[in-house]
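*Asks:* all I have is the shape, not the residue letters:
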């Protein structure tokens with residue numbers, strides 16, 4: 001077992017970390033204050049990422065990406081996790097689901113997304129369908145060679161800056177062992193398509209500057225040529241995509257936790273009370289010991305899951321474990337860091353309150369902690385017939 005990074009991986013980690021520190025950190029406070037990333041700043045971050053050769057590094061070389069393996073890409077995401085999500089989204093990691101594009105779709109959507117000419121967003125969640133994807137009400141009915149889409153999506157991340165959206169909609173029903181379920185199809189829908197409107201979403205306490213949007217579809221006509229993958233097979237495509245995004249959530253949680261720890265450790269060594277550093281007290285030093293142990297455990301769990309994917313082995317349980325543990329670890333670490341800083345930890349002079357608020361959503365999106373526990377327990381019990 002080799003737990004070391006290759007020379008190339010070490011250089012990638014150093015490069016991405018330096019990028020985050022020099023291009024992301026300086027703008028974080030203003031984004032946090034205003035909740036807005038100026039368009040020109042987003043384009044500048046995107047351009048610099050392209051110049052570095054890291055844009056769409058999660059895509060294979062044959063379509064113009066960097067062709068990073070899952071372990072190396074997870075390291076990239078870990079370093080990006082140190083920065084504000086509202087800014088790092090412009091670092092550019094298009095949805096891997098776009099690899100399902102065929103024919104003309106590659107020229108219209110896949111390749112422009114990889115080159116940074118277009119930005120995509122993914123639309124699954126609805127007001128009445130979050131974890132229960134196959135219960136969605138947004139539906140598309142066939143009309144000749146087109147589909148007509150009606151319904152609403154919400155909590156759609158960064159749709160406000162997207163050029164097109166990958167929309168999942170019900171296109172029929174089927175009988176399953178658990179009753180009647182919707183058949184799902186994925187569609188590529190351009191911004192500006194008649195009947196499609198991108199609306200302001202909800203104000204969130206987490207990840208300010210990284211906006212969620214509400215999407216409205218009213219008799220929105222979509223040519224069949226814009227079906228992504230096969231009709232009625234969108235659920236399979238979505239599962240493939242969620243496979244990777246849960247690893248991303250785990251990795252970014254580790255990166256954010258390490259940044260928090262890097263603030264708490266020197267403070268505990270320097271801050272004096274009763275004539276000695278507070279870190280000399282077990283009430284603080286034991287917190288630090290627990291924090292770094294949990295961070296390291298989440299880090300290795302995440303990288304081990306990525307390695308499992310690279311090895312071509314089933315990794316659903318490992319990825320679910322990484323997402324579950326890392327997201328819940330981040331909540332504990334940010335909370336303990338604030339406790340170490342005391343009242344100052346909650347002041348806007350420090351970024352800890354932001355990390356604390358940002359941490360809360362990680363246990364919800366891309367599959368709640370409860371969904372991850374369901375995946376893990378199902379993987380354990382099914383072979384035993386339970």
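*Replies:* Happy to help now that I have it. The shown structure was predicted, so the numbers you read here are calculated from the model rather than taken from an experiment. Residues are numbered from 1 along each chain as shown.
*Asks:* pull the contacting residues for residue 29.
*Replies:* Counting by CB atoms under 8 Å, 6 or more residues apart in numbering, residue 29 makes contact with residue 351. C-betas here are computed from N, CA, C, even on glycine.
*Asks:* same check, this time on the one 10 residues further on
*Replies:* With CB under 8 Å, 6+ apart as the criterion, the residues that contact residue 39 are residue 161.
*Asks:* gap between it and residue 120?
*Replies:* Residue 39 is 17 Å from residue 120, where distance means CB to CB, to the nearest Å.
*Asks:* quick one: residue 20 and residue 49, what's the gap?
*Replies:* Distance of residue 20 to residue 49, computed by CB to CB: 11 Å.
*Asks:* which parts of the stretch 251-386 of the chain are helices?
*Replies:* For the stretch 251-386 of the chain, the helices defined by DSSP state H, counting those that start in this stretch occupy 282-310, 316-341, 352-361, 369-381.
*Asks:* out of those, which one sits most buried?
*Replies:* Highest mean neighbour count among the helices of the stretch 251-386 of the chain (mean count of other CB atoms under 10 Å): helix 316-341, with a mean of 23.
*Asks:* helices or strands up against that one?
*Replies:* On a contact count with 3 or more CB pairs under 8 Å, 6 or more residues apart in numbering; DSSP states H and E, helix 316-341 meets helix 234-270, helix 282-310, helix 352-361, helix 369-381.
*Asks:* the longest one - what's its average pLDDT?
*Replies:* Going back to what we said before, that points to helix 234-270. Mean pLDDT, helix 234-270: 92.
*Asks:* now do the third one
*Replies:* In this model, helix 352-361 has a mean pLDDT of 96.
*Asks:* and for that helix, what's in contact with it?
*Replies:* Here helix 352-361 makes contact (CB under 8 Å, 6+ apart) with 28, 32, 85, 204-208, 253, 256, 259-260, 263, 327, 330-331, 334-335, 337-338, 341, 345-347.
*Asks:* could you redo the last one with a cut-off of 7 Å?
*Replies:* The contact list for helix 352-361, computed with CB atoms under 7 Å, 6 or more residues apart in numbering, reads 32, 205-207, 256, 260, 263, 330-331, 334-335, 337-338, 341, 345-346.
*Asks:* identify the farthest-apart pair in the residues you listed.
*Replies:* Spanning the widest gap among the contacts of helix 352-361 are 207 and 341, at 21.4 Å by CB to CB.
*Asks:* tell me where the model's unsure across the stretch 101-250 of the chain.
*Replies:* Judged against pLDDT under 70, the stretch 101-250 of the chain has no low-scoring part.
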